[in-house]
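quick one, fold the following:
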Amino acid sequence: MIIQLEKEISAKTKEEIVRKVSDLKYKITDVKTQKGDYLVGIGKQEFDIRDVGHMPGISDIHIVSDDYKLVSRKWKVNPTTIDLGDGVCIEEGGMAIMAGPCSIEGEEQIDKTINHLKENDVKIMRGGVYKPRSSPYSFRGMGIEGLKLWYKAARSAGIKIITEVMQVSQIEEMLPYVDIFQVGARNTQNFNLLDELGLVDKPVLIKRGISGTINELLSSAEYVFSAGNENLMLCERGIRTYEKASRNTMDINAITILKEKSHLPVIADPSHGIGIRDHVEPVALACIMAGADGVIYETHEKPEEAYSDGQQTLNFRESKKLIDRMRKVFDLRESM
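Down below sits the predicted model:
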C-alpha cells in the first residue's frame, strides 16, 4: 500500500499511523521526497482500507499490487511533470527533444552543437563527459573539466544539460553543472548509484538495461523514488536480442506499456535503439506515434569524425530534418 501523508503532519500522528499499519503485519518504509511524504507498506494480509484511510494525517491511501509501487500509475492520478526551469518541461502529452553528440570533445564542437540546437529551438543538449566504452582503449570522455566547459557555454545560450553519471563518486562534483542525470543501460541495476541519485534534487533519466525487462526498468526507478527523488524519466533505448541486423532491437511496444504502467514520462532513444544512422529517423517517428513524451538522439556536425558512435549519429542537416518531421508527427498524433 501507499499512504500519502498530509503536509505538516505531527510526529505523534504519524507514529499512530505507523503503529496501525504495523499491526496489520505490514512492513513500513518511510519515503520523503521533494514533493511529498509517503509510507510504503509491504504485506499480504487483507484489510478494509477504510480502517486506515479515515485516520488523521492521511491525505490519500492506495492498494498497489505491483512490486514497483511509487512509480506505478495505479496510485498517482496526475502524471509526473519534470520542470527544468525557464519554461522547459518534460511531461505527458508533450514532446521534449534532447539532442547532441555521444561525447563532448571540445569547445568548438560544443559551440557548433549549441548553435544548431538554438536554430531549431531545441532546449536540451545531450552529451557524455564520462563514457562507458566496450573497449578500454576507446575515448572515454573529457571528465569534469569538459562538463564545466560545456556548462558555461550552455548556460549562456539558455540550453539545459543531460549527461551520464557512471558512479557514486562523480555525483557531487557533477551536481552544480547538470540539469538531468542520465543512468546508462550498463548502470540500470547499479543499486548503489540509484540510491545516491535518490538523495539529489535533480531529475534523473533511467535507461533500460541492455537485456533488461520492462519491470526491471520500473524497479530501477523505484529505487530512486524510494530514496527520495521523484523527478524521474524512463527511457527505452533498445535491448540486445538474437537479431544482428541492427545494434539493438528497439522495443516500441515498451513505450505504450510503460505509459500504461507508470506515471513517469517516457523518452525514446532511437540512436541506440537501432544504431544505424539511416534508420534513426523512421524509428524516432514511430516512437512518437507510440506515445513517447520525448526523444533523445545523437547529432554531430561531422559524424564520420566523431570520437564515438558516429555510425548512429545524424549530421546537422539530418538532425534538422528529423526535428521538423518529429514536430509534424507529434501534431498529427495530438490531432487524432
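
tell me where the model's unsure across the stretch 1-150 of the chain.
By pLDDT under 70, the weakly predicted segments of the stretch 1-150 of the chain are 133-134, 137-139.

and the average pLDDT for stretch 282-294 is what?
For stretch 282-294, the mean pLDDT works out to 98.

ignore the last one, stretch 178-189
Looking at stretch 178-189 alone, the average pLDDT works out to 97.

report the buried residues of that stretch.
By 16 or more other Cβ atoms under 10 Å, the buried positions in stretch 178-189 come out as Val178, Asp179, Ile180, Phe181, Gln182, Val183, Gly184, Ala185, Asn187, Thr188, Gln189. To be clear about C-beta, it is placed using only N, CA and C from the backbone, and glycine gets the same treatment.

would you confirm that the third one contacts Lys202?
So the one you mean is Ile180. Yes: between Ile180 and Lys202 there is a contact at 6.9 Å, judged by Cβ atoms under 8 Å.

adding secondary structure and distance to Ile114, write the buried residues of stretch 178-189 out as a markdown table.
Output for those, formatted as a markdown table (DSSP: H, G, I helix; E, B strand; the rest coil; distance: Cβ to Cβ, whole Å):
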| residue | secondary structure | distance to Ile114 |
| --- | --- | --- |
| Val178 | coil | 16 |
| Asp179 | coil | 14 |
| Ile180 | strand | 17 |
| Phe181 | strand | 20 |
| Gln182 | strand | 19 |
| Val183 | strand | 24 |
| Gly184 | coil | 23 |
| Ala185 | helix | 26 |
| Asn187 | helix | 27 |
| Thr188 | coil | 29 |
| Gln189 | coil | 34 |
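
show residues contacting the helix or strand harbouring Gln170.
Secondary structure assignment for Gln170, by DSSP states H and E: helix 168-174. Helix 168-174 has contacts (Cβ atoms under 8 Å, 6 or more residues apart in numbering) with Tyr130, Ile144, Leu147, Thr163, Val165, Phe181, Asn192, Leu193, Glu196, Leu197, Val200.

phi, psi for the first one please.
Okay, so that is Tyr130. When quoted as degrees, to the nearest 10, the phi and psi of Tyr130 stand at phi -120, psi 120.

so it versus Arg186, what's the distance?
Distance of Tyr130 to Arg186, given as Cβ to Cβ, to the nearest Å: 12 Å.

so what sits against both of those two?
With Cβ under 8 Å, 6+ apart applied, the contact sets of Tyr130 and Arg186 do not overlap.

make CSV from the contacts of helix 168-174 and add distance to Glu6 and secondary structure to it.
Putting these into CSV (distance: Cβ to Cβ, whole Å; DSSP: H, G, I helix; E, B strand; the rest coil) gives the following:
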residue, distance to Glu6, secondary structure
Tyr130, 41, coil
Ile144, 42, helix
Leu147, 40, helix
Thr163, 37, strand
Val165, 34, coil
Phe181, 30, strand
Asn192, 33, helix
Leu193, 32, helix
Glu196, 29, helix
Leu197, 27, helix
Val200, 26, coil
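
possible to save these as CSV with distance to Gly106?
Output for the contacts of helix 168-174, formatted as CSV (distance: Cβ to Cβ, whole Å):
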residue, distance to Gly106
Tyr130, 16
Ile144, 15
Leu147, 13
Thr163, 15
Val165, 21
Phe181, 23
Asn192, 32
Leu193, 28
Glu196, 30
Leu197, 28
Val200, 28
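
of those, which pair is most distant in space?
Within these, Leu147 and Asn192 form the most distant pair, 21.5 Å apart (Cβ to Cβ).

for the stretch 51-200 of the chain, what spans make up the strands?
58-62, 82-83, 89-90, 96-100, 124-126, 160-164, 180-183 (DSSP state E, counting those that start in this stretch).

pairing partners for the third one, with directions?
It stands for strand 89-90. strand 82-83 (antiparallel) (DSSP bridges).

again with the fifth one
According to DSSP bridges, strand 124-126 has the following sheet partners: strand 96-100 (parallel), strand 160-164 (parallel).

relative to Gly209, which of these is closest?
Smallest distance to Gly209 across these (Cβ to Cβ): 14.2 Å, for strand 160-164.

now do that closest one: everything it contacts.
For strand 160-164, using Cβ under 8 Å, 6+ apart, the contacting residues are 84, 86, 88, 98, 104, 123-132, 147, 150-151, 154, 174, 177-184, 205, 296.

roughly how far out does that strand sit from the chain middle?
Relative to its parent chain, strand 160-164 has a centroid offset of 11 Å by Cα atoms, centre = their mean, to the nearest Å.

in that strand, what's buried?
Buried residues in strand 160-164, counted by 16+ other Cβ under 10 Å: Lys160, Ile161, Ile162, Thr163, Glu164.

of the residues you listed, which is the nearest to Lys27?
Taking Cβ to Cβ as the measure, Lys27 sits nearest to Glu164 out of the buried residues of strand 160-164, at 33.9 Å.

per-residue pLDDT, that closest one?
At Glu164, the model reports a pLDDT of 97.
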